[in-house]
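Asker: Quick one, structure for this:
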Amino acid sequence: MSEPASFYRHHVFFCCNQRPPGERVCCNDKGASELRDYAKKRVKKAGLAGPGQVRINQAGCLDRCELGPCVVVYPEAVWYTYIDEEDIDEIVDEHLVNGRIVERLRIR
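Answerer: I've put the predicted structure just below:
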């Protein structure tokens, strides 16, 4: 029996965890929710959103906040950090559209 095709070509999870002040660092303190919203709009505007294409989702803590903000792209399981909209644009254009990993933003 063959494996079913993935519902999405790429599934992207943004850590948007928010901790109380004074606790461990969290991605939302670094603008994760706003940049997730930007990524969603960018993917929709590019016509990449929907079944068989790209899905942008919010996640709770992905436990890599000290390296973040962080995002993970499946099915490749590539982890990225980012700072601004330009970084998100590069992840969308290079990884999601062209299938090339953005090494300068990759978390190892």
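Asker: Let's see the pLDDT reported for G68.
Answerer: With respect to pLDDT, G68 scores 81.
Asker: what's the burial count for it?
Answerer: By other C-beta atoms under 10 Å, 23 other residues sit near G68. Bear in mind the C-beta positions are built from the backbone N, C-alpha and C, glycine included.
Asker: ok, now the one 10 residues further on?
Answerer: Here the count is done by other C-beta under 10 Å, and V78 has 19 residues near it.
Asker: What residues does it make contact with?
Answerer: Going by C-beta atoms under 8 Å, 6 or more residues apart in numbering, V78 touches 72, 95, 101, 106.
Asker: JSON lines for those residues, including distance to C26 and pLDDT?
Answerer: Converted to JSON lines, those look like this (distance: C-beta to C-beta, whole Å; pLDDT from 0 to 100):
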{"residue": "V72", "distance to C26": "16", "pLDDT": "98"}
{"residue": "H95", "distance to C26": "24", "pLDDT": "97"}
{"residue": "I101", "distance to C26": "25", "pLDDT": "98"}
{"residue": "R106", "distance to C26": "21", "pLDDT": "98"}
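Asker: most neighbours, which of those residues?
Answerer: Within the contacts of V78, most neighbours by other C-beta under 10 Å means H95, with 21 neighbours.
Asker: Contacts only, for that one.
Answerer: With the criterion set at C-beta under 8 Å, 6+ apart, H95 makes contact with 10, 73, 78, 101-102.
Asker: Just the residues you listed: which are in strands?
Answerer: Within those, residues falling in strands by DSSP state E are 10, 73, 78.
Asker: Just the closest of those to C27, please.
Answerer: Each of the ones in strands among the contacts of H95 was checked against C27 using C-beta to C-beta; the closest is V73, at 15.4 Å.
Asker: so how far is R24 from that closest one?
Answerer: Noted for V73: a distance of 24 Å to R24, by C-beta to C-beta, to the nearest Å.
Asker: Which one of these two is surrounded by more residues?
Answerer: For V73 versus R24, neighbours defined as other C-beta under 10 Å are more numerous around V73 (19 against 11).
Asker: That'll do, ta.
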